[in-house]
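1. have a look at this fold, sequence not included:
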């Protein structure tokens with residue numbers, strides 16, 4: 001790894017924030033390829049309940065995931081404010097449907113607090129930590145943990161409203 005690529009605890013991280021319901025979440029912008037409007041999504045038979053389907057992004061196929069459903073929190077209906085964060089995961093494009101895009105913030109890695117034990121609906125293992133910037137709490141998602149497919153995810157039977 002080159003020195004420029006090394007990430008240290010004292011380097012700030014740019015975080016793309018978004019809302020799922022009334023909760024604010026964030027992803028490291030280095031993981032986000034683009035943010036797109038919700039368009040045509042083709043369902044995939046037999047996919048896990050949180051997989052909405054696949055979409056074509058200028059010749060690239062992306063699996064689209066209902067992020068709220070994946071995290072086990074109340075889902076909102078997809079509307080004109082909904083967006084899809086396209087991320088690269090294991091050399092594949094994955095789309096994460098969110099209710100609304102918020103801001104890009106700078107977070108000091110050293111200031112990340114561990115996720116609270118009592119987070120309702122969101123399993124703490126899906127979070128890198130919690131940041132307080134400008135008086136707002138933002139839960140930073142651990143993309144690897146969120147996208148890991150587990151047996152319990154496949155058996156989930158909730159549906160987006």
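-> Good, I have the coordinates. None of the values given here were measured: they were computed from a predicted structure. Residues are numbered from 1 along each chain as shown.
2. dump the residue contacts of the nearest residue to residue 124 once chain neighbours are set aside.
-> Using C-beta to C-beta, 6 or more residues apart in numbering and skipping the chain neighbours, the partner closest in space to residue 124 is residue 115 (4.2 Å). C-beta here means a position set from N, CA and C on the backbone, and glycine is covered the same way. By C-beta atoms under 8 Å, 6 or more residues apart in numbering, the contact list for residue 115 reads 124, 127, 129-130, 139.
3. over to residue 147: give its phi and psi.
-> Per-residue torsions, residue 147: phi -90, psi -10 (degrees, to the nearest 10).
4. separation between it and residue 105?
-> Noted for residue 147: a distance of 22 Å to residue 105, by C-beta to C-beta, to the nearest Å.
5. how about residue 49, secondary structure?
-> coil (DSSP: H, G, I helix; E, B strand; the rest coil).
6. what's around it, how many residues?
-> Neighbour count of residue 49, defined by other C-beta atoms under 10 Å: 16.
7. what of residue 141?
-> 25.
8. isn't it up against residue 24?
-> No - if you go by C-beta atoms under 8 Å, residue 141 and residue 24 don't touch, sitting 11.1 Å apart.
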